[in-house]
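**Student:** Kindly generate the corresponding structure for this input.
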Amino acid sequence: MQEPSFEEAVEQILAKDPRYHRDAYLFIREALDHTQKMIARLPKKSEVRHVSGQELLKGIREYALQHFGPMTLTVLEEWGVRRCEDFGEIVFGMVEVRLLAKTEKDSRDDFKCGYEFPEAFRKPFLPSGKVPAPAPAAKPA
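**Tutor:** Numbers count the residues shown, from 1 in each chain. Just a heads-up that it's a prediction; the model follows:
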């Protein structure tokens, strides 16, 4: 029996769990590739190896900011992704249909407490050193 294509596997996932847009699955696959390349560039890290949940979260953030810039948060929200745990759900959905592999140490909990989305995806584009001015006080009538 032939392994299902990426698209067929994503269709299987979406049939069971329609919470996330199909583009989120392609994004995770691309972000994983980016993360593996990022790790391979580190000194003494020339081979492709398994990526931990925390490493993947870092790679996802970097890849998303590079590709979507200030629209990152909007794109992720459109896909139904609002917190790091959602990335974990997507990854483990892909593991269940054998698009990705995991080790015995990997779990959905690896994606908890990664980062807050506004801090990770909005703050890099806010002007630095600018503090919003306080609202003017209402004048008595």
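
**Student:** what about the residue lying closest to residue 107 once chain neighbours are set aside, neighbour count?
**Tutor:** Once flanking residues are discounted, residue 107 sits nearest to residue 53: 7.8 Å by CB to CB, 6 or more residues apart in numbering. No exception for glycine: its C-beta is placed from N, CA and C like everyone else's. Residue 53 has 22 neighbouring residues, counting by other CB atoms under 10 Å.

**Student:** Would you mind confirming that residue 53 makes contact with residue 88?
**Tutor:** Yes - with contact defined as CB atoms under 8 Å, residue 53 counts as touching residue 88 (6.6 Å).

**Student:** Need the overlap of contacts for those two.
**Tutor:** Residues touching both residue 53 and residue 88 (CB atoms under 8 Å, 6 or more residues apart in numbering): 110-111.

**Student:** quick one, longest helix in the chain?
**Tutor:** Longest helix in the chain, counting residues (DSSP state H): helix 22-40.

**Student:** for it, packing partners?
**Tutor:** Helices and strands touching helix 22-40, by 3 or more CB pairs under 8 Å, 6 or more residues apart in numbering; DSSP states H and E, are helix 6-16, helix 53-68, helix 84-96.

**Student:** Could you check how far the residue minimising distance to the centre of the chain is from residue 10?
**Tutor:** For the chain, the residue whose C-alpha lies nearest the mean C-alpha position (CA atoms, centre = their mean) is residue 60; its distance is 4.3 Å. Using CB to CB, to the nearest Å, residue 60 is found at 17 Å from residue 10.
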